[in-house]
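> Structural data only, the sequence is not supplied:
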């Protein structure tokens, strides 16, 4: 059984490794944050701030240092999703713009067309929660690919399925999300 001093040293070592992992993927997370944010230039969080907010959620979990880079990106994706959704909720609570027009376009290899404003981001978050209740793997695929920027092969490895399963889940999940967010659109 380690004493308090040994636990502190172990915690510091884990924290350094976690810092190193984060530093390794920092620029990739910034590019991803820029891509996710690009759909709405009015967002108050810039890409750097989004990544830093996600880091603040993760920094006190040194056990994450033992995870693989793709797994860490998946965890960072979840943190960035929460940061984006929380910020959208705060902005939406302030402005309550019920007359805002929302347009969703399916297709492409990314889900960038799914969330183009606060209203859509909140709707995406709600729909993703519902999808998780219906098909948890499809919800994970969306979170890993859209919010985490993971490739099909990285997603397949994390979920222990083939790449063709990930591609099929990705297509099905995007179609389901579009219909769930805007059921009146064909």
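Sure, I can see it. Quantities reported herein were computed from a predicted structural model and do not represent experimental measurements.

> need the longest helix for this structure.
helix 4-37 (DSSP state H).

> any chance you could map the helices in this structure?
With DSSP H, the ranges of helices along the chain come out as 4-37, 47-58, 69-95, 118-134, 136-142, 152-159, 163-181.

> For the second one, buried residues please.
Across helix 47-58, burial judged by 16 or more other C-beta atoms under 10 Å covers 47, 50, 51, 52, 53, 54, 55, 58. To be clear about C-beta, it is placed using only N, CA and C from the backbone, and glycine gets the same treatment.

> Could you find the lowest-pLDDT member of these?
Sorting the buried residues of helix 47-58 by pLDDT puts residue 47 at the bottom of the list (77).

> That one is in contact with residue 30, isn't it?
Yes: taking C-beta atoms under 8 Å as the definition, residue 47 is a contact partner of residue 30 at 5.1 Å.

> backbone phi and psi for residue 68, please?
phi -70, psi 160 (degrees, to the nearest 10).

> and residue 120, how many neighbours does it have?
As a burial measure, residue 120 scores 22 neighbours (other C-beta atoms under 10 Å).

> The one 10 residues further on too?
Applying other C-beta under 10 Å, we find 12 residues neighbouring residue 130.

> and it, what does it touch?
Contacts for residue 130 (C-beta atoms under 8 Å, 6 or more residues apart in numbering) come out as residue 180.

> Any figure for the gap between it and residue 56?
Between residue 130 and residue 56 the computed distance is 28 Å (C-beta to C-beta, to the nearest Å).

> same thing with residue 21?
To residue 56, residue 21 is 16 Å away according to C-beta to C-beta.

> Then residue 9?
Distance, residue 9 to residue 56, using C-beta to C-beta: 24 Å.

> now swap in residue 183 and tell me
Taken as C-beta to C-beta, the span from residue 183 to residue 56 is 36 Å.

> cool, residue 135 as well?
Relative to residue 56, and taking C-beta to C-beta, residue 135 is found at 31 Å.

> And the lowest mean pLDDT element among the helices and strands of this structure?
helix 4-37 (a mean of 73; mean pLDDT, DSSP states H and E).

> If you compare the directions of that one and helix 118-134, what angle comes out?
Here the directions of helix 4-37 and helix 118-134 differ by 120 degrees (axes from the mean of the first three to the mean of the last three C-alpha atoms, to 10 degrees).
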